[in-house]
Every structure is written in C-alpha cells, then in structure tokens.
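Asker: sequence? don't have it. structure:
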Ligand code: URA
C-alpha cells in the first residue's frame with residue numbers, strides 16, 4: 001500500500017501549530033483546511049490530462065484539462081468535513097459523497113447511519129477525508145462502502161496517522177493510496193493518537 005507522508009516545511013510548520021494545547025477553534029479549522037489543500041496537491045499529481053485546441057488571445061493554443069469524470073470527495077462525518085473546503089479550493093467542481101458511521105459499543109463494529117454517494121462511482125477517483133487515521137476501523141468500513149458502490153480508485157487524505165491504523169489498512173485494502181501530513185508514534189489505550197492532535201472533531205466544531 002503506497003503511503004505518502006508528504007514532506008514539506010509548510011506541512012511540518014502547520015501540523016506543529018495544530019498540536020498546541022491552546023490552539024483556538026478558528027486556527028485549528030484554518031490549519032486543517034490549509035493542510036488539506038497541500039495534501040490534495042500531492043494526491044492529484046498523477047491525474048491524467050487530455051489536450052484540446054482552443055482559441056486563445058493570439059490565435060489557436062493547445063491546452064490541457066483533467067481527463068475523465070469529476071473526482072468525488074468523501075468526508076467521513078463529522079471531522080472529515082473540517083478538511084472539505086481545503087480540498088474544494090483546488091478541485092471546486094468535485095462531487096461530494098458523505099459517509100457517516102458510528103461504533104456499536106457491544107460488537108465494536110462500525111454501523112452505517114448516513115451514506116450518500118454521488119453518481120457513477122465506478123468512473124471516479126474518490127478522495128476520502130478524515131483528519132485522524134487512528135485504529136483504521138472507520139476507514140476500512142468506508143472503503144468497503146466505496147468498493148460496494150463500484151469505486152475502484154480510492155485515495156485517503158489524513159492529517160495524522162498512527163502506525164496501527166496504517167497496518168490495519170494495509171491488510172484490508174492494500175490497493176488504497178494514503179497521503180498524510182504526519183505519522184505519529186502510537187495509539188493510547190482509548191484509541192487516541194500520541195502525540196496527535198487530541199479530538200480533532202471537537203477542535204474543528206468547537207465542542208467538548
Ligand atoms: N480521533 C481523533 O479525533 N483523535 C485521535 O487521536 C484519534 C481519533
């Protein structure tokens with residue numbers, strides 16, 4: 001499974017700012033979206049283009065455009081919404097497919113409570129958004145859903161990943177590409193990433 005830990009001084013700087021204990025909701029939100037934009041740039045580097053000839057200001061000119069159906073962005077509720085604007089800054093015509101899952105406290109299995117995919121999933125590249133790749137349970141279930149809907153090209157964008165989650169993903173879906181701003185040390189005993197960012201959903205939404 002290709003894991004791209006995207007190396008850039010701006011990424012290291014912005015992740016560092018997000019780790020502070022006193023980061024405000026406003027700042028955390030801004031940084032999550034800025035990092036999502038930078039990850040999107042990397043995750044779309046290999047998209048195919050096709051050429052056409054158009055009338056330019058000084059006559060005919062050959063230009064390129066992205067080939068194929070529009071990308072679909074897949075925020076995992078709720079924290080994934082905190083990266084969506086950053087992605088749409090670069091891909092404003094992307095379609096949005098939303099996935100909501102909760103964990104059944106008895107079985108510990110993810111249960112679907114909201115799923116709304118866009119059309120023609122089999123022809124699109126999906127960019128899954130979730131700030132934290134922790135245990136990987138929700139992510140694996142989201143990829144299962146995307147594959148059930150026919151989607152074959154799936155990439156995931158995360159701000160911070162834990163080695164445990166990456167290992168689980170590799171086992172379940174080795175064909176999925178991962179783009180991440182930081183790979184941290186480990187999970188604690190309640191599934192939080194260390195040193196991590198804390199509860200990213202709470203920080204994005206200002207809840208506690
Ligand atoms: N979800 C979070 O918001 N933070 C973590 O560290 C793990 C999962």
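Answerer: Perfect, I can see it now. This is a predicted model, so every value here is computed, not measured.
Asker: List the buried residues in the longest helix seen in the chain.
Answerer: Counting by DSSP state H, the longest helix found in the chain is helix 25-43. Neighbour counts over helix 25-43 (16 or more other C-beta atoms under 10 Å) mark 28-40, 42-43 as buried. C-betas here are computed from N, CA, C, even on glycine.
Asker: Equivalent analysis for stretch 149-167, please.
Answerer: Residues 149, 151, 153-162, 164-166 are the ones in stretch 149-167 that count as buried (16+ other C-beta under 10 Å).
Asker: Equivalent analysis for stretch 200-208, please.
Answerer: Neighbour-count burial for stretch 200-208 [16+ other C-beta under 10 Å]: 200, 201, 203, 204, 205.
Asker: For these, give me TSV that also has pLDDT.
Answerer: Formatted as TSV, the buried residues of stretch 200-208 follow (pLDDT from 0 to 100):
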residue	pLDDT
200	98
201	97
203	98
204	98
205	97
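Asker: Now do the helices in the protein.
Answerer: Using DSSP H, helices in the chain cover 9-18, 25-43, 81-90, 137-148, 163-172, 200-205.
Asker: now the chain, which segments are flagged as low pLDDT?
Answerer: Within the chain, not a single segment meets pLDDT under 70.
Asker: so what's the nearest residue to residue 75 once chain neighbours are set aside bridging to?
Answerer: Spatial nearest neighbour of residue 75, chain neighbours left out: residue 129 (4.5 Å); criterion: C-beta to C-beta, 6 or more residues apart in numbering. Beta-bridge pairing of residue 129 under DSSP bridges involves residue 75, residue 157.
Asker: Looks like residue 129 contacts residue 36 (just checking).
Answerer: Yes: in terms of C-beta atoms under 8 Å, residue 129 counts as a neighbour of residue 36; the distance is 6.8 Å.
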